[in-house]
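*Asks:* Pasting the sequence and the predicted coordinates here, then a few questions.
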Amino acid sequence: MPRVLPSLLILAALLADAGGGHGVALAFVLLAVPAAFALALACYGDALEERCSLARPALAGLAAALLVLSAALRSSVVVGGVPALAISALVSTLLLYAALGIGALLPGSRTVPESA
């Protein structure tokens, strides 16, 4: 569940934005930031233990950076509309998390050690 939490919070923020609740969407984005960084650290730990390639923590870190960008862009304009770049950053983050999920489902390339 902790690995899915950032995606769920981003999806909730996008739905709140679509419904016009920009303040609620900002709250969801701000809640997703620590969850995104926890996911990036978990992916980095998996890479250190050689359970995945370095692409997974790089994608998770990029997604966390895009999430922070979206939060920074929308934090000062809650009264008016939300900048298109903030929504684009959220959609890009959601797509990166989808790529992480698909990559986690694919079988990894396991090499068979040569016998001596």
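*Replies:* Received it, and whenever you're ready, just let me know what you need.
*Asks:* And the residue nearest the centre of the chain?
*Replies:* Ala63 (4.3 Å; C-alpha atoms, centre = their mean).
*Asks:* Report the buried residues of the helix or strand containing that residue.
*Replies:* Assessed by DSSP states H and E, Ala63 sits inside helix 55-75. By 16 or more other C-beta atoms under 10 Å, the buried positions in helix 55-75 come out as 56-57, 59-61, 63-64, 66-71, 73-74. All C-beta atoms are positioned from the backbone trio N, CA, C, and that covers glycine.
*Asks:* What sits closest to the residue nearest to the centre of the chain if chain neighbours are left out?
*Replies:* Nearest residue to Ala63 in three dimensions, chain neighbours excluded: Leu96, at 4.1 Å (C-beta to C-beta, 6 or more residues apart in numbering).
*Asks:* just checking, what packs against the longest helix belonging to the chain?
*Replies:* The longest helix of the chain (DSSP state H) is helix 22-48. Helix 22-48 sits against helix 5-18, helix 55-75, helix 84-105, with contacts defined as 3 or more C-beta pairs under 8 Å, 6 or more residues apart in numbering; DSSP states H and E.
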